[in-house]
Structures are given as structure tokens and as C-alpha cells.
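Asks: structure of the sequence below:
(one chain, ligands or ions: 1)
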Amino acid sequence: MHVASTAVLISEVGPRDGLQSIKTIMPTLNKKLWVDALFNAGIREIEVASFVPARMLPQMADAAEIVQHAKTLNGLTVLALVPNLKGAEHAILAGADKITIPVSASAAHSLANVRKTREEMIKELKRIVEFRNAHAPSIKIEVGIATAFGCTLQGLVAEDEVIGLAEQAALAGVDDVGLSDTTGYANPSQIKRLFRRLRGAIGDKAGAAHLHNTRGLGLANCLAAYEEGVTSFDSSMGGLGGCPYAPGASGNVVTEDLVFMFEAMGVRTGVDLDKLFRAREVLQAGLPHEAIYGMVPEAGLPKGFDAYKENLR
Ligand code: ZN
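Replies: Next comes the predicted model:
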């Protein structure tokens, strides 16, 4: 298959992963304007919020309101992160189309992030799937195996444990299971090896790549995953992100740079780069004192890029 024939889905996680990892709380109105601008740029899946108690993450206190607003955008898949059944109930009640649940491959990170062991998280997954099946069968459930490539708390994470956990999650009845480099430890060879093993273990349920750029390998890792057949990528506008419970974790892959890479390769993302840069201005207006990142927005598009892209069609 020629690369140009394969489209990818860019799933924007900035409103959740980005905003929960900075101290500044973006006002609700600015969040809505940012979600609108992302949608206008062609983004069709946005992880808009995390359903956790507001005392733990005050940045996410308006989660239900943001989900309800995002639901007004026709054709957008509204995704919400939930750590447990209670969060899932709230997210589904608010109207989320899809929920994503982090399951840590690292025993230490699991306790720090969700205060549960990995085994307890698999049991929680089963409860969430039962609730979904009984009350909201159209809602999709995704699991992201967090710290799949290494952990800032415990160091090495055994690949067999990552794949074993993905198998248990798939057996619990979730729709897909992706791999997350929560800590930015991954390299392209490791990415290829693990995504290949993931597909071998759970077939069509193999899901998205959620990669961070902490050590500068974010785009290289995305390309490696793409070459291994992954077609759904999480990224964050301006490279915002991290994990409040994984010390030293920082920055997701920058959406603007990721879209540029795929579009330049002739891989369709459905995203308009000029409109994406406008959405970045909306983000910056909502967070005037936060640094936002990205190479392509800084440098601008190459001269003649539109004509070059036309030639690829
Ligand atoms: Zn992340």
C-alpha cells in the first residue's frame, strides 16, 4: 500500500492532558473557544476533559460543561478520561461519546496515578464495561496502557507485562487498547517492537499511540508507530502535557508538528494547518503566561507547501 492512501486520525488531548498538567486554570469560556477552533481546523476527536474529583485536579472542575459544549460540534468524537467507574458514570451522563481509561503498566505509577494496583484496575475495567453495556451500549471504551515504555518512578517496565496487561484489558471487553509513553522514555525501535506485539496479541483491538516528546523523540516515535500500522495518534497543541503523578513527565507530541509531518508525507489528516495555527492563537490567548511549543508554527510552512501538497494528491 502506498503511504498516501492511508489516512490517520489526530486525537487532540491538549484540553485534558495539557491543561491538567499546568498550574494555571484556563477559564471555561477559553476552553470552549479553543475546542471550537480545533474543530474548525478539522480535528475530529478531542479528549476534552478528565472526570476526577475537583479537589484533586481543579483544572478539570468544569469537565461536564466542556463535554456538553463539545457535543454541539457535529461530527466530533468527544472523548473524556476517567480513572474509575464513578468517573465513567459522570462522563457518560455528561454525554461523552468515548471514554479513555489509563491502566499503568508500572506497578509504582499505578498506585501513584489511580491509587490502585494493576489487578484492581482490571477489575475496575470490568465494572465500567458492565455499566456501559447495561446503560450506554453505544459509548466506546478505550484503554491507554500508561508508562508502557518506562517509568520515572520504577524505571524499567517489562514488555511482557505491558502486553499481558493489554490482553487482560481486551478480555475485559473494552473496544481498543493503545500504548502510552507517559514519561517520554520510548525510542523508535521499542515503539515498533511493542506495537507489533500488541497487534499480535489483541489484533483489531490494538489502538492509539499516545507519545510524549520529553526527550525529543516524539515525532520519530510517531513515524515508527505509523510504519507499524498505527493510524490513531494522540497529540497536544503547543506540546502541553505531562502527568501530575509521574514526576519529570512533560510535553506531548506537538499537534501542529505532527500534522505537518503527515501532510508533508501525503498522509491525510483532515486538518488544515493554517486554521490549526489560528487555533494555537486561541490557546495562547487563554493561557497568556504559559510557554507553548512547536517547531512548525515557529518556523512557518515551507514556501510553496500548498502547491507541493497538491502534487501529492
Ligand atoms: Zn500523556
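Asks: helix/strand/coil for residue 141?
Replies: Under DSSP: H, G, I helix; E, B strand; the rest coil, residue 141 falls in the strand class.
Asks: that one reaches residue 175, doesn't it?
Replies: Yes. Applying C-beta atoms under 8 Å as the test, residue 141 and residue 175 come out as touching, 5.4 Å apart. Placement of C-beta: from N, CA and C, glycine included.
Asks: extract the CA atoms of the longest helix that the chain contains and return them as PDB.
Replies: The residue-count maximum for a helix in the chain (DSSP state H) belongs to helix 118-135. Extracted in PDB, the C-alpha atoms of helix 118-135 (Å, rounded to 0.1, in the frame of the first residue of the first chain):
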ATOM      1  CA  ARG A 118      -2.900  -3.100  38.200                       C
ATOM      2  CA  GLU A 119      -5.000  -6.100  39.100                       C
ATOM      3  CA  GLU A 120      -7.500  -3.800  40.800                       C
ATOM      4  CA  MET A 121      -7.600  -1.600  37.700                       C
ATOM      5  CA  ILE A 122      -8.500  -4.600  35.500                       C
ATOM      6  CA  LYS A 123     -11.400  -5.400  37.900                       C
ATOM      7  CA  GLU A 124     -12.500  -1.700  37.700                       C
ATOM      8  CA  LEU A 125     -12.400  -2.000  33.800                       C
ATOM      9  CA  LYS A 126     -14.800  -5.000  34.000                       C
ATOM     10  CA  ARG A 127     -17.200  -2.900  36.200                       C
ATOM     11  CA  ILE A 128     -17.000   0.000  33.700                       C
ATOM     12  CA  VAL A 129     -17.700  -2.300  30.700                       C
ATOM     13  CA  GLU A 130     -20.700  -3.800  32.600                       C
ATOM     14  CA  PHE A 131     -22.100  -0.400  33.300                       C
ATOM     15  CA  ARG A 132     -21.600   0.700  29.700                       C
ATOM     16  CA  ASN A 133     -23.200  -2.500  28.300                       C
ATOM     17  CA  ALA A 134     -26.200  -2.000  30.600                       C
ATOM     18  CA  HIS A 135     -26.800   1.700  30.300                       C
END
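Asks: for that helix, give the mean pLDDT please.
Replies: Average pLDDT, helix 118-135: 97.
Asks: check stretch 166-173 too.
Replies: 98.
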